[in-house]
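> Take this sequence and fold it.
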Amino acid sequence: MEQNNRTILCFSPTGGCRTIALAIRNDSDSFINFTLPQSRVNLPSFSQSSEVVFVIPVYNRSVPDICAQYIKKLNGKNAGASVICVYGGVTKGNALKTAAKLLQRSNFNVKKGAYIAAPHFYSKTKLNNLSAERLERIRAFLNGDFSGRIISLSKNAHSASAVSVQPLMKALTGKCTVNPSACTACGQCLNNCPADAINSDFKADGNCILCGACVNACPQHARSIKFFSPLPYLFIKANCKHRDDEFFEFASVSASVKSRMLDH
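Next up is the predicted model:
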């Protein structure tokens with residue numbers, strides 16, 4: 001069914017993106033949470049008159065592979081699009097430009113973008129809480145009540161391939177573990193895993209993206225993510241800081257420039 005009103009789409013394993021998506025949603029907006037595998041089976045359709053807002057997290061300085069693969073399946077039909085990249089106050093990389101290029105390749109007309117810091121799942125110090133004031137400012141920006149800095153997609157944009165270094169980073173940094181003596185086999189980890197990575201014995205397989213969704217969902221606190229080295233924790237502790245929200249408007253790109261840009 002074609003979406004005529006604004007549609008808010010989010011990928012939110014641990015809830016931060018969902019909080020933002022629901023806060024910016026108007027009564028007439030459609031809401032699609034594509035976090036779980038079953039929610040990515042039936043794709044929404046759009047038209048040139050549609051407006052779409054994507055709220056996605058930043059993983060390893062880029063767009064999560066699951067989000068990239070989902071966006072590549074969509075056909076925006078030149079619908080206007082905005083993208084909000086949510087990160088844990090450590091590093092945002094070049095996720096916004098990567099997301100914007102992915103959306104362009106899926107025929108969206110990308111207009112606005114933002115970097116929004118939220119509490120980091122792995123940080124013991126929960127900085128960057130999503131206050132009502134901050135959420136209202138995001139709403140105002142998307143509604144055109146104030147402008148953001150102009151950003152160009154024609155220069156220094158990362159490749160928007162759905163194949164990234166994220167599996168390698170995961171293999172080097174840690175794994176999701178379960179305490180069998182505490183696990184009651186309730187299945188909440190299975191029900192909340194965005195990567196369909198938990199087996200019938202409730203252990204995570206190689207598809208695990210270390211998002212923490214199953215850790216949050218477990219009522220018995222039987223699940224945790226263990227790192228192979230203290231370096232990730234030390235890096236997060238040293239670099240997780242209060243970060244100001246950043247708002248951008250994407251510069252218009254001519255058809256010839258856009259064609260050359262998307263060919264690379």
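> how about the helices of the protein, start to end?
In the chain, the helices defined using DSSP state H lie at 16-24, 65-73, 95-105, 132-142, 166-173, 188-192, 213-217, 231-239, 255-263.
> Any chance you could list what contacts the first one?
By Cβ atoms under 8 Å, 6 or more residues apart in numbering, the residues outside helix 16-24 that reach it are 8-12, 31, 33, 35, 53, 55-57, 84, 86, 116, 118-119, 130, 135-136, 138-139, 142. Where you see a C-beta, it was placed from the backbone N, CA and C, and this is true even at glycine.
> So which of those residues sit within strands?
I8, L9, C10, F31, N33, V53, V55, I56, P57, I84, V86, I116 (DSSP state E).
> From those, list the buried ones, please.
I8, L9, C10, N33, V53, V55, I56, P57, I84, V86, I116 (16 or more other Cβ atoms under 10 Å).
> How is this protein divided into domains?
According to automatic domain parsing, the chain is divided into the following domains: 7-163+240-263, 166-239.
> Return the most buried member of those domains.
Among these, judged by mean count of other Cβ atoms under 10 Å, the one packed with the most neighbours on average is domain 7-163+240-263 (a mean of 18).
> Dump the helices of the chain into a markdown table; add mean pLDDT as well.
What follows is the helices of the chain, written out as a markdown table (pLDDT from 0 to 100):
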| stretch | mean pLDDT |
| --- | --- |
| helix 16-24 | 97 |
| helix 65-73 | 96 |
| helix 95-105 | 94 |
| helix 132-142 | 95 |
| helix 166-173 | 60 |
| helix 188-192 | 96 |
| helix 213-217 | 96 |
| helix 231-239 | 86 |
| helix 255-263 | 42 |
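> Of those, give the one that comes closest to P180.
Checking the helices of the chain against P180 by Cβ to Cβ gives helix 188-192 as the closest, at 12.9 Å.
> how about low-confidence regions in the protein?
The chain contains residues with pLDDT under 70 at 1-4, 152-172, 252-264.
> now the farthest one out in it, which residue is it?
Distance to the chain centre peaks in the chain at S181, reaching 33.4 Å (criterion: Cα atoms, centre = their mean).
> tell me the contacts of Y122?
Y122 neighbours (Cβ under 8 Å, 6+ apart): G88, G212, I225, P232, Y233, I236.
> C193 against C214, yeah?
Yes. Using Cβ atoms under 8 Å, C193 is in contact with C214, at 5.5 Å.
> Among the ones in strands among the contacts of helix 16-24, which one lies nearest to F248?
I84 (10.5 Å).
> Cross-check the contact I'm expecting between the closest one and G113.
Yes. If you go by Cβ under 8 Å, I84 and G113 touch, sitting 7.2 Å apart.
> Overlap of the contact sets of those two?
Between them, I84 and G113 share no contacting residue, judged by Cβ under 8 Å, 6+ apart.
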